[in-house]
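Asks: need a structure here:
(one chain, ligands or ions: 2)
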Amino acid sequence: MYMVTAEQMRQLDRYTIDKLGIPALTLMENAGRAVADEVLKLCAEGDRKSGVIKKVTHTGPGDVPGHGGVIRTDTWSREQHAVRERAHWYILVGKGNNGGDGLVAVRHLTDAGLRVTVVYAEPPEALRGEAAAQRDIIAALDIPVILYGQDNLDLRGASGIVDALLGTGTQGPPREPYASLIREANASGAPIVSVDVPSGLDADTGALHEPCIRASVTVCLAYLKYGLVQYPGAGTAGDVVVRYIGIPPGLARECGVQVQLLTGDTLHDALGVDVSRSREPDGHKGTYGHVLVAAGSLRMSGAGLLAARAALRIGSGLVTWAVPKALLPHVIGAAPELMLAAAATGRDGEWNADSADELLQLAQARDVLAVGPGLGRFAGDTGWLRHLWEEYSGPLVLDADALNILASAGPELKAWKPRNAAVVLTPHPGEMARLLGIPTAEVQRDRISHARDYARTHGVTLVLKGARTVIACPDGTAYVNTTGHAGMATGGAGDVLTGIIAGLLAQGLNASQAAAFGVYLHGAAGETAARHRQHPASVVAGDIIEAL
Ligand SMILES: NC(=O)C1=CN([C@@H]2O[C@H](COP(=O)(O)OP(=O)(O)OC[C@H]3O[C@@H](n4cnc5c(N)ncnc54)[C@H](O)[C@@H]3O)[C@@H](O)[C@H]2O)[C@@H](O)CC1
Ligand SMILES: [K+]
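Replies: Ligands and ions are numbered 1, 2, ... in the order given. Purely as a prediction, here's the structure:
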C-alpha cells in the first residue's frame, strides 16, 4: 500500500484530472460517498457514547428475488431509518476541497435518512470551485446549515461529527475559527469521522498542530498519507480506512512514489520475499548461512547472547558469537547451539582495538557480520570499525555502540572506503539523532524523511526503530512497519532485531528484504509473545526470540 505526502497527492490528483480526464467533481463525489459509507457503518455499530444508536441487525440492502438472480437495491430497512432519524450528526465544513468532500457526504447521509446539520466554518460564499458547486446543491436541497459563530452551536448533543474542515491543503496550525471548532468537536465526546486527515494534523510528518481533531475514524482518500501512519498522528487518527475514489491504484508507482506500508503483501509483491520461508528439502546447515555476532562485553554480555540466539532462531545454519576472551568462560553453555569465539584479548572482558584483524579473519570465513549490541566504547574504536567496514567483504549489520562509533567518526566517514557488500544500520531515535547530529525530537518529528535521506546519502539500508519502524533503502524506497506494540520497548528487543536481520542476510535475503522482513517478523513475534504473556508490558526480549 503506497504512502504519499500532501504534495504527491496533489500531483496525483492533477494527473488524474488533467491527463486522464476524470473530472474533479467525480473524485469529490467518490470521496464524499466513501465518507458517508463509513459514517453509516459507524451508525450501525452504535453510538458508543450516548447509546442513541443501537446495533442494527438487518444491514443489507433490500433483496428482491428476480428471474434467475437477485435484484439488489440501495434501500434501507425501517429499523435503520428509525435509528438514523434519532441520531443527529454535525458536518463541519471548511472552505477548501476537504469541505467539498464533506458536503457530498452530507447529501448521501441525508438520502440515507440520517439527520444532519452543516456547520460552515467560514461564510459559504468563501467556497470555490467544486466545493462551491456542492454548497449550491446543499442549498437547493434545503438541508439545514449554520455558520459557526460560537454561541449558535452546541456539539455536546451530537451523535457524531464529520470533520471536513482541513485536509491536505492545510498550512500551519489551524487559524480561527477552525481552531475553536476543533476544540469544541473534541470536547463534545461524540465520535468524529475525519475526511482524509484529522484537521490540525501535519499530513507529511504526523506532527500535531494545536489544536488537532481526535478522530474515531479517518477516511483517507485514494492513498495513505505519511502523517496517518507516523506517531503522534497515528494516535489521533483513530481507525484509518483508505478508500478508492477513482484515482488508479497503480498511478502512485508510475509517478515514482517510493514509500509503502509494510504488510505481508508488500513483502511478497514489492520486495519479493518468500514469506512462507520454505526450505530446500535437501538443504543442510551450510545452505542457511553462517552468522558472526561480535557483541557483548562484561556488563552487557546478554545483549550479545540475545542477538546470537535470535540469529539462530530465525533459521541461520550456524551462528558464532565472538566475545572478549575474558568473557568466554562465563558464557560457555549459555546457549548450547551457539559456537563461541574469543576475539579481544583485553583481560577485563571489554573489547579493544587490537582485535580488528582477528575479528576480520573470523568474519571472512562467515556470511554475515553483526556488530554492536553490548559492545561498549573503547580506545581506538573508530579505526577498529573502519577496518571491518573497509576490509570485510560480506554484509554488515551495525547496531547500538557500533552506531555510536559511526556517529563519532562524523564527517570522517566520507573518507571510509565504500563497501561493495550491504550495510544495514538499525538505530533507535537517539542513535539516529547522534548519526545526524540533531536532537532526537527533530528525528521523531519527521522519521520517514530523515531515514530516507540518510539511507540515500550514505548508500546504506537504514532501520529507524520505534513505533512504526521505518526501513529506508539506498535507492530511496522505504517501508513503514505496522507490526509490534509498545510492550516491545524493553531492554534487549533491539539486540534481537539485529540477530534476526543478520540471520536473514545469512539465508540469502538481500539487505532490503532482510531489514523489512526482519522488522516485520520481530513485531509479529512481539505480538505473539504478548498474547502468550497475556499483557504486552510483560514481554521481555527473550520472549520475542521464543515467539519467532
Ligand atoms: N481534486 C482534488 O484535489 C481532490 C481533493 N480532495 C480533497 O481535498 C482536500 C485538499 O483540498 P484543498 O487543497 O482545497 O485544501 P483543504 O481543503 O485542506 O483546505 C485548504 C483551505 O483551508 C485554508 N487553510 C489552509 N491552512 C489553514 C489553516 N492552518 N487554518 C485555517 N485555514 C487554512 C486554505 O486557505 C484553503 O482555503 C483533500 O484533503 C481531500 O479531502 C478530494 O476531494 C479528492 C479530490
Ligand atoms: K479533515
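
Asks: Do a quick rundown of the helices in the stretch 251-400 of the chain.
Replies: For the stretch 251-400 of the chain, the helices defined by DSSP state H, counting those that start in this stretch cover 251-254, 264-269, 301-313, 328-331, 356-364, 381-391.

Asks: Tell me, how many residues neighbour the closest residue to D204 other than its chain neighbours?
Replies: Nearest non-adjacent residue to D204, counting by CB to CB, 6 or more residues apart in numbering: T5, 4.7 Å away. (Glycine included, C-beta is placed from N, CA and C.) Around T5 sit 20 other residues, with neighbours defined as other CB atoms under 10 Å.

Asks: now T5: how far from T168?
Replies: Distance, T5 to T168, using CB to CB, to the nearest Å: 9 Å.

Asks: what does P248 give?
Replies: 19 Å.

Asks: Compare neighbour counts for the two and give me the winner.
Replies: Between P248 and T168, counted using other CB under 10 Å, the more crowded position is T168 (23 against 14).

Asks: Can you tell me how far the more buried one is from P211?
Replies: For T168, the distance to P211 - CB to CB - is 18 Å.

Asks: re earlier: now list whatever residues contact both of T5 and T168.
Replies: Common neighbours of T5 and T168 (criterion: CB atoms under 8 Å, 6 or more residues apart in numbering): 203, 225.

Asks: Tell me the spatial nearest neighbour of I22, not counting adjacent residues.
Replies: Using CB to CB, 6+ apart and skipping the chain neighbours, the partner closest in space to I22 is T16 (5.1 Å).

Asks: isn't that neighbour right next to I245, touching?
Replies: No. T16 is beyond contact range of I245, at 9.1 Å (criterion: CB atoms under 8 Å).

Asks: joint contacts of these two?
Replies: Common neighbours of T16 and I245 are listed as L27 (criterion: CB under 8 Å, 6+ apart).

Asks: Count the residues that sit near G333.
Replies: For G333, the neighbour count with other CB under 10 Å is 8.

Asks: and it, what does it touch?
Replies: G333 neighbours (CB under 8 Å, 6+ apart): none.

Asks: Contacts for stretch 137-151, please.
Replies: Contacts of stretch 137-151 (CB under 8 Å, 6+ apart): 92, 103, 106-107, 110, 116-124, 152-153, 177, 180-181.

Asks: Tell me which residues touch the residue nearest to I22, please.
Replies: 22, 27, 246-248, 251.

Asks: mind running it again at 10 Å?
Replies: When contacts are counted by CB atoms under 10 Å, 6 or more residues apart in numbering, T16 touches 22-24, 26-27, 222, 245-248, 251.

Asks: just N510 next, same as before
Replies: 271-273, 395, 422, 461, 473, 504.

Asks: Which single residue in the stretch 251-400 of the chain comes nearest to ligand 1?
Replies: Among the residues of the stretch 251-400 of the chain, L251 lies closest to ligand 1, at 13.1 Å counting by CB to the nearest ligand atom.

Asks: So that residue sits against R14, correct?
Replies: No. Counting by CB atoms under 10 Å, L251 sits too far from R14 to count as a contact (11.2 Å).

Asks: So which of those two has more stuff around it?
Replies: Neighbour totals were compared for L251 and R14, and L251 leads with 18 against 11 (other CB under 10 Å).

Asks: so what pLDDT did the more buried one get?
Replies: We have a pLDDT of 95 for L251.

Asks: For E130, grab the count of nearby residues.
Replies: Based on other CB under 10 Å, the number of other residues close to E130 is 20.

Asks: Can I get the strand or helix carrying it in CSV? Just the C-alpha atoms.
Replies: Under the criterion of DSSP states H and E, E130 resides in helix 129-140. Taking Å, rounded to 0.1, in the frame of the first residue of the first chain, the C-alpha atoms of helix 129-140 are listed here in CSV:
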residue,chain,number,x,y,z
GLY,A,129,-14.7,25.6,-7.5
GLU,A,130,-16.0,22.1,-6.9
ALA,A,131,-16.7,22.9,-3.2
ALA,A,132,-18.9,25.8,-4.2
ALA,A,133,-20.8,23.5,-6.5
GLN,A,134,-21.5,21.2,-3.6
ARG,A,135,-22.6,24.2,-1.5
ASP,A,136,-25.1,25.2,-4.1
ILE,A,137,-26.6,21.6,-4.2
ILE,A,138,-26.9,21.6,-0.4
ALA,A,139,-28.7,24.9,-0.6
ALA,A,140,-31.1,23.6,-3.3
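
Asks: What's the mean pLDDT across that helix?
Replies: pLDDT averaged over helix 129-140 gives 98.

Asks: what does stretch 458-465 give?
Replies: On average, stretch 458-465 scores 97.

Asks: Repeat that for stretch 477-496.
Replies: 95.

Asks: How far does that stretch stretch from one end to the other?
Replies: Taking CA to CA, to the nearest Å as the measure, stretch 477-496 stretches 24 Å from start to finish.

Asks: for stretch 275-292, same thing?
Replies: End-to-end distance (CA to CA), stretch 275-292: 24 Å.

Asks: cool, stretch 218-234 as well?
Replies: Termini of stretch 218-234 sit 10 Å apart (CA to CA).

Asks: ok now it, how far from the chain's centre?
Replies: 9 Å (CA atoms, centre = their mean, to the nearest Å).

Asks: Is any residue of that stretch near ligand 2?
Replies: No. Figure legend: stretch 218-234 not in contact with ligand 2 (CB under 5 Å from the ion); closest approach 8.0 Å.

Asks: so which of the contacts of T16 is the most crowded?
Replies: Most surrounded of those: other CB under 10 Å gives A222, at 26 neighbours.

Asks: which ones are touching it?
Replies: For A222, the contacting residues are 2, 4, 9, 12-13, 16, 27, 30-31, 34, 196, 242-249, 251-252, by CB under 10 Å, 6+ apart.

Asks: Next: D453.
Replies: Contact analysis of D453 by CB under 10 Å, 6+ apart lists 436, 446, 462, 472, 476.

Asks: Likewise for D239?
Replies: By CB under 10 Å, 6+ apart, D239 lies in contact with 38, 42, 193, 215-219.

Asks: could you flag which of those residues are buried?
Replies: Neighbour counting by 16 or more other CB atoms under 10 Å classes 38, 42, 193, 215-219 among those as buried.

Asks: follow-up on the earlier one: of all the contacts of D453, which comes closest to A343?
Replies: In terms of CB to CB, no member of the contacts of D453 lies closer to A343 than L462, at 26.3 Å.

Asks: list the buried ones in the helix or strand where the closest one lies?
Replies: Using DSSP H and E, L462 sits in strand 461-464. For strand 461-464, the neighbour count (16+ other CB under 10 Å) marks 461-464 as buried.

Asks: Tell me where the stretch 351-500 of the chain has strands.
Replies: 368-371, 396-398, 423-425, 461-464, 470-472, 478-481 (DSSP state E, counting those that start in this stretch).

Asks: For these, give me a markdown table that also has distance to A131.
Replies: Listed next are the strands of the stretch 351-500 of the chain as a markdown table, based on distance: least, CB to CB, whole Å:
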| stretch | distance to A131 |
| --- | --- |
| strand 368-371 | 55 |
| strand 396-398 | 51 |
| strand 423-425 | 46 |
| strand 461-464 | 38 |
| strand 470-472 | 35 |
| strand 478-481 | 31 |
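
Asks: could these go into TSV alongside distance to ligand 2?
Replies: Below are those laid out as TSV (distance: least, CB to the ion, whole Å):
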stretch	distance to ligand 2
strand 368-371	44
strand 396-398	41
strand 423-425	36
strand 461-464	28
strand 470-472	25
strand 478-481	21
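
Asks: now these in JSON lines, with distance to ligand 1?
Replies: Formatted as JSON lines, the strands of the stretch 351-500 of the chain follow (distance: least, CB to the nearest ligand atom, whole Å):
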{"stretch": "strand 368-371", "distance to ligand 1": "43"}
{"stretch": "strand 396-398", "distance to ligand 1": "40"}
{"stretch": "strand 423-425", "distance to ligand 1": "35"}
{"stretch": "strand 461-464", "distance to ligand 1": "27"}
{"stretch": "strand 470-472", "distance to ligand 1": "23"}
{"stretch": "strand 478-481", "distance to ligand 1": "20"}
